[in-house]
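> no sequence on this one, just coordinates:
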């Protein structure tokens, strides 16, 4: 029953609309809107929870206990913080490009929301089952580069501009190994449909067959969402706060929450591509598929946070060197080895 | 091997993640304070002889003492510390040869209003002189008489403290310790 909880809710809503005499087209549209709103709420609630979780993890890794005053166990801390940030003025500095400056924090949430529409959360739980799902996800993920650049450029501040330049440089150079590492998976599955990629991992997760690809993907993904050790973008000792320097109040909060939304995306994508998505390991199907997806995603999110509170920030030249001299050749080699392996397997006739 | 340090770092933070936390939840829990902690002052009023040694020992002129002469003894009427100037050096506590002035471990001396800052350790009226046996007898006769007598006594009393206060004030002025007759 729990397994099909959300699909049943969607089905009963469809039946209800049918019995109310709604034409099929409007029925589909309503259902899609409901699904997208559900995803929106899901992302925002998760982003709020992740800010809290990040602070708790940080505290625990420093022998502290983190936020614990507002609400039970400090659970309402983030909500209070956001309430405070909403009530604040949004200062616009002199010479700023007002349109770009104000548009950037609004738009920064668009790519994550659009990406989540195509992510399968569980068995049959996908709002838009695209047959080029993977392509769609990564095409949109790289769009956020432009939004950071908008914010950095619009601020009319040297630190913002430098930070935005770093965002662009970093995202462009880490996009490459990330996409190349996925190619191995696409070669094995022969499809870019996310649901098909998951069902291809029925017998064996791709982390076993493509361990190098997983490592490359995860490192590049951490760099993609500008997290430590690749958070040069907001290196406060060098460029204050990067593209967010001039943002205050809710503008800042939007960027902050979008960061957590992008962590969710990369964790969800790593889960789908390498950890079998919503498939239950060892036949433990008594836990519903969407919960499995959620658990795997949260383990990866925790690992990203764990990285943040362990590693120091690397230098710009190290970042670029690592991306272009290590990750790109390694991912190319991985594609090559995967191809040879597939050829040998086919020759043996498995 | 490349990446060994990375794994080691992760292992350290993981160990720390699961370790016992050191945070003390402050208002509810507090660290135990040592006995000799310099906190709020405490005055044992009964053993204080208003000798002014503490006031003289104070480097910041924090302590203001006023006393009245009751019969042959000095009687402490006011002991006020302008605690905003106190540096908690403990000279006054050291100077007290009766062991009347002590530190407590209470550190919470903050106040909302400026007027509330001075630490008032004693503020009281001097007792009326012991009634003579005849007066006691008259008191037993009727309430009115007794009240009248009390009023009379009060007047008597008022004269003495003023005189003594003036005297002590002039003494202090002479010693260069009290430029104005503050709190008298």
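Perfect, I can see it now. Since the model is a prediction, treat every value here as computed from it, not as a measurement. Numbers count the residues shown, from 1 in each chain, chains lettered A, B, ... in the order given.

> show me the strands in chain B, by range?
Taking DSSP state E as the criterion, chain B carries its strands at B:41-43, B:63-70, B:73-81, B:101-103, B:119-123.

> tell me how many other residues crowd residue 28.
Went with chain A since none was named. 13 (other CB atoms under 10 Å in any protein chain shown). All C-beta spots, glycine's among them, are computed from the backbone N, C-alpha and C.

> that's the wrong chain, I meant chain B
For residue B:28, the number of neighbouring residues by other CB under 10 Å comes to 6.

> against residue A:83, how distant is the closest residue to residue A:69 other than its chain neighbours?
Residue nearest to residue A:69 in three dimensions, not counting chain neighbours: residue A:77, with 7.4 Å by CB to CB, 6 or more residues apart in numbering or on different chains. Distance from residue A:77 to residue A:83, counting by CB to CB, to the nearest Å: 11 Å.

> now swap in residue A:239 and tell me
29 Å.

> tell me, what residue is most central in chain A?
In chain A, the centroid-proximal residue (CA atoms, centre = their mean) is residue A:265; its distance is 1.8 Å.

> does that one really touch residue A:114, like I thought?
No - judged on CB atoms under 8 Å, residue A:265 makes no contact with residue A:114 at a distance of 10.3 Å.

> over to residue A:307. Which of the three states is it?
Following DSSP: H, G, I helix; E, B strand; the rest coil, residue A:307 is assigned to helix.

> was I right to think it contacts residue A:230?
No - taking contacts as CB under 8 Å, residue A:307 lies outside contact range of residue A:230: 9.3 Å.

> between the two, what contacts are shared?
Counting by CB atoms under 8 Å, 6 or more residues apart in numbering or on different chains, the shared contacts of residue A:307 and residue A:230 are residue A:222.

> which bits of chain B sit near chain A?
Contact residues (CB under 8 Å from any CB of the partner chain) of chain B with chain A: B:6, B:9-10, B:12-14, B:16-17, B:19-23, B:25.

> what about residue A:122, how many residues nearby?
Using other CB under 10 Å: residue A:122 sits among 20 other residues.

> can you pull the contacts of it?
If you count contacts by CB under 8 Å, 6+ apart, residue A:122 has them with A:6, A:7, A:278, A:288, A:289, A:290, A:291, A:292, A:293.

> shaky segments in the chain?
In the absence of a named chain, this looks at chain A. Applying pLDDT under 70 to chain A flags residues A:1-3, A:350.

> my bad, chain B
Where chain B drops to pLDDT under 70, the residues are B:1, B:131-184.

> okay, which residue is most central for it?
Closest-to-mean residue, chain B, CA atoms, centre = their mean: residue B:121 / 3.3 Å.

> how close does it sit to residue A:188?
For residue B:121 relative to residue A:188 (CB to CB), the value is 83 Å.

> again, but for residue A:204
As judged by CB to CB, residue A:204 and residue A:188 stand 10 Å apart.

> same thing with residue B:12?
36 Å.

> that older thread, which one of residue A:77 and residue A:83 is surrounded by more residues?
residue A:77 (20 against 10).

> I figured the more buried one hits residue A:84, correct?
No - in this structure, residue A:77 is not within contact of residue A:84 by CB under 8 Å, at 10.7 Å.

> which of the residues of chain B next to chain A ranks first by neighbour count?
residue B:13 (18 neighbours).

> next up, the contacts around it.
Contacts of residue B:13 (CB under 8 Å, 6+ apart): A:61, A:306, A:309, A:310.

> 10 Å instead?
The contact partners of residue B:13, taken as CB atoms under 10 Å, 6 or more residues apart in numbering or on different chains, are A:57, A:60, A:61, A:62, A:306, A:307, A:308, A:309, A:310, A:311.

> quick one: contacts for residue A:65?
So residue A:65 contacts A:56, A:59, A:73, A:74, B:21, B:22, B:23, B:25 (CB under 10 Å, 6+ apart).

> isn't residue A:53 right up against residue A:305?
Yes - the criterion here is CB atoms under 10 Å, and residue A:53 meets it with residue A:305 at 7.1 Å.

> who's more crowded, the two?
The neighbour comparison of residue A:53 against residue A:305 (other CB under 10 Å) goes to residue A:305, with 21 against 18.

> these two touch, right, that one and residue A:66?
No - assessed by CB under 10 Å, residue A:305 is found out of contact with residue A:66, at 11.9 Å.

> overlap in contacts, the two.
The contact sets of residue A:305 and residue A:66 overlap at A:53, A:54, A:55, A:56, A:57, A:58 (CB under 10 Å, 6+ apart).

> which residue, other than its chain neighbours, is closest to the fourth one?
If you skip the residues right next to it in sequence, residue A:56 has residue A:66 as its closest partner in space, 4.1 Å away by CB to CB, 6+ apart.

> which of the three states applies to the one you found?
Classification of residue A:66 by three-state DSSP places it in coil.

> show me what contacts it?
A:52-60, A:73-74, A:77, B:21, B:23.

> restricted to helices, list these.
A:52, A:53, A:54, A:55, A:56, A:57, A:58, A:59, A:60, A:77 (DSSP state H).

> ok, back up a step: name the residues contacting each of residue A:265 and residue A:114.
Residues touching both residue A:265 and residue A:114 (CB under 10 Å, 6+ apart) are A:137, A:140, A:141.

> mind listing what's buried in stretch A:216-236?
Neighbour-count burial for stretch A:216-236, counted by 16 or more other CB atoms under 10 Å in any protein chain shown, picks out A:216-235.

> compute the first-to-last residue distance for that stretch.
This stretch, stretch A:216-236, spans 27 Å end to end (CA to CA, to the nearest Å).

> could you check whether it is close to chain B?
Yes - if you take CB under 10 Å from any CB of the partner chain as the test, stretch A:216-236 does meet chain B, through residue A:229.

> against residue B:107, how distant is residue B:34?
On the measure of CB to CB, residue B:34 and residue B:107 end up 12 Å apart.

> which of these two has more neighbours?
Between residue B:34 and residue B:107, counting by other CB under 10 Å, residue B:107 is the more crowded of the two (13 against 8).

> for residue B:94, see how far away that one is.
20 Å.

> now swap in residue A:241 and tell me
53 Å.

> quick one, which of the two is more surrounded?
Neighbours were counted for residue A:241 and for residue B:94 using other CB under 10 Å; residue A:241 has more, 17 against 12.

> tally of neighbours for residue A:293?
When counting by other CB under 10 Å, one arrives at 26 neighbours for residue A:293.
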